[in-house]
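Colleague: here is a sequence with its predicted model. Questions after.
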Amino acid sequence: MRARTVEWQVCGVCNYDCTYCIQSPKTRVGHPSEDDVTRFLDFFAALPGSWEVKMTGGEPFAFPAFLERIVPGLIERTTHTVSVLTNLSAPPAQLARFAALTRGRLGIVSASIHLEHVEIDAFVDKARAFRAAIDPSASMVINAVLVPGRLAEVEQARAAIAGAGLRFFPQVMKLGGGTFAYEEGDREKVQELVGIRPNPRTANTAPSYRGRTCWTGVDYFVLTQRGDAFRCRTARRFDEGFLGNVLQGSFGLAAGPSPCTYDICPCTVPANRGMIEGLA
Ligand code: SF4
Ligand code: SF4
């Protein structure tokens, strides 16, 4: 069953600078103005139906309005479910406030462990405390990019994450619109980390779904910090699948599904929300 979802880039700014970030440092900047935050909230208040609003960045918590206005505004003014993708670097007090604000309305917390910036044990302790503080009915998953040359560390992280009772979600590294070609020494480890038969619920291997009927644009869209809406991330990359701008009042969903025309589906959210037909 399809679960209507919008992935909203609430800001470009991030407090980390990961070497493998799919966003270039040039684009990893900026955030909406005060007035635009109001317009975004007006848009979500008027968006018909029940949606999961999954907020991404940059790093959402690095934009003060995220916790001060956006999360409270979505909770007070809409009935949508709230989810977040974060590097979990926010101070404990901010995480506690997020947990309190979203109680009863939280869908998924996707927390990414970035080994260039954090110690495994400290991150896992923080993640475990956050898991205990958030809405018990929400899901939480810990993402880790399979960075070449650092896979032994990723394996250590996986063990610590599993040991803390948290869900580990490996992601193959993306590069220049495709996936990274791992060297032979790393290939075996990658295989072991993603499992023999990875699927979108267990790992992000960025497969191709070219030709499959896809409901993105109808029941799913991505929204940039400037208000531009696109069918999906890959469509946005190619400047296709434009659905209008929500700040300018020109947004409109597609009338129906259409076949995927791309060689990579870099994000598992459309697959895991039932947008792509024919997946097991
Ligand atoms: S935390 Fe995420 S958005 Fe920020 S630099 Fe790292 S990969 Fe990019
Ligand atoms: S890349 Fe993925 S989300 Fe985008 S149209 Fe293709 S299958 Fe759908």
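Modeller: Good, I have the coordinates. Ligands and ions are numbered 1, 2, ... in the order given.

Colleague: show me where the stretch 51-200 of the chain has strands.
Modeller: Applying DSSP state E, counting those that start in this stretch to the stretch 51-200 of the chain gives strands spanning 52-56, 81-86, 106-112, 139-146, 167-172, 174-175, 178-179.

Colleague: tell me which other helices or strands the third one touches.
Modeller: Meaning strand 106-112. With contacts taken as 3 or more CB pairs under 8 Å, 6 or more residues apart in numbering; DSSP states H and E, strand 106-112 sits against strand 52-56, strand 81-86, helix 120-133, strand 139-146. C-betas here are computed from N, CA, C, even on glycine.

Colleague: returning to that earlier point: and of the strands of the stretch 51-200 of the chain, who's closest to Leu279?
Modeller: With CB to CB, the closest approach to Leu279 among those belongs to strand 167-172: 17.1 Å.

Colleague: next up, the contacts around the residue nearest to the spatial centre of the chain.
Modeller: With distances taken as CA atoms, centre = their mean, Leu85 lies nearest the centre of the chain, 4.7 Å away. Contact analysis of Leu85 by CB atoms under 8 Å, 6 or more residues apart in numbering lists Lys54, Met55, Thr56, Gly57, Pro60, Ser110, Ser112.

Colleague: tell me the SS of Phe43?
Modeller: Under DSSP: H, G, I helix; E, B strand; the rest coil, the three-state class of Phe43 is helix.

Colleague: residues from this protein in reach of ligand 2?
Modeller: Proximity of the chain to ligand 2 (CB under 6 Å from any ligand atom) is limited to residues Tyr209, Cys214, Thr216, Cys232, Thr234, Ala235, Cys260, Tyr262, Cys265, Pro270, Ile276.

Colleague: swap the cut-off to 5 Å and go again
Modeller: Within the chain, the positions near ligand 2 by CB under 5 Å from any ligand atom are Tyr209, Cys214, Thr216, Cys232, Thr234, Cys260, Tyr262, Cys265, Pro270, Ile276.

Colleague: mind putting these into JSON lines with neighbour count?
Modeller: Below are the residues of the chain next to ligand 2 laid out as JSON lines (neighbours: other CB atoms under 10 Å):
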{"residue": "Tyr209", "neighbour count": "21"}
{"residue": "Cys214", "neighbour count": "25"}
{"residue": "Thr216", "neighbour count": "27"}
{"residue": "Cys232", "neighbour count": "25"}
{"residue": "Thr234", "neighbour count": "24"}
{"residue": "Cys260", "neighbour count": "23"}
{"residue": "Tyr262", "neighbour count": "19"}
{"residue": "Cys265", "neighbour count": "26"}
{"residue": "Pro270", "neighbour count": "27"}
{"residue": "Ile276", "neighbour count": "23"}
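
Colleague: next, count neighbours for the residue of the stretch 1-150 of the chain found nearest ligand 2.
Modeller: Of the stretch 1-150 of the chain, the residue with the smallest distance to ligand 2, taken as CB to the nearest ligand atom, is Glu7 at 10.5 Å. By other CB atoms under 10 Å, the residues close to Glu7 number 23.

Colleague: which element, helix or strand, includes it?
Modeller: strand 5-9 (DSSP states H and E).

Colleague: thank you, goodbye.
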